[in-house]
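**Student:** coords please:
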Amino acid sequence: MTAPRRPSQHHLESSPEFRDAIGRLEHEAHEQERLAEEDARKKSSSRHFSTIVVGGSALIVVQLGILAYLMFGAKAAVLPQRNGAERPILPPRSCAAVANKTYWLIVRFAHDRGHLPSKLEDLLGRYTDSMPADPVTGRTLEYSTSGDRFTVTCPGAAKAPVT
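**Tutor:** Got it, this is the predicted structure:
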């Protein structure tokens, strides 16, 4: 008695069922490869975006910290002396020192209220107790605005304004 004959390898490869099965497997492999590439593209682009968002957020936090320090915690600018003492960069009884201080009062006013003061008198009360004046002449500082910019100068001074 002879064993039943198995179909030959050549016979299986040429059968329509075999070719259909191979075609389906090939199609599935291409589809899976396409989906994997699409997934990788999405992950890559979202990683770049999230990195930018995190980095930008960190920079904003640092800038806000610096701004808060400058507005509320910074000491007046000083120069160290040889003996360890400190002296202000601007002489405290100079018009330039008063103009500098007034500049920062105006900046704080604009930050608090969202607009510049229309005149220096608007600073009285909450920001200063007296009108900013030249300590030498006693005359009030000159103040002008143009849009979102402003200028504070010593009265009659030919010096560069603090803007």
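
**Student:** Only C-alpha atoms from now on, for both contacts and neighbour counts.
**Tutor:** Fine.

**Student:** What segments of the chain are strands?
**Tutor:** 78-80, 86-88, 142-146, 149-153 (DSSP state E).

**Student:** Those: lowest mean pLDDT?
**Tutor:** When the strands of the chain are ranked by mean pLDDT, strand 78-80 comes last with a mean of 56.

**Student:** shaky segments in this protein?
**Tutor:** The chain contains residues with pLDDT under 70 at 1-14, 44-47, 73-92, 157-163.

**Student:** per-domain residue ranges of this structure.
**Tutor:** Domains of the chain are assigned by automatic domain parsing as 12-61, 91-153.

**Student:** In space, what's closest to C95 - neighbours in sequence excluded?
**Tutor:** Among residues not flanking C95 along the chain, D134 sits closest, at 4.8 Å (CA to CA, 6 or more residues apart in numbering).

**Student:** right, and that neighbour touches V98 too?
**Tutor:** Yes. Taking contacts as CA atoms under 8 Å, D134 lies within contact range of V98: 7.0 Å.

**Student:** Which parts of this protein are helices?
**Tutor:** For the chain, applying DSSP state H gives helices covering 9-13, 16-68, 95-113.
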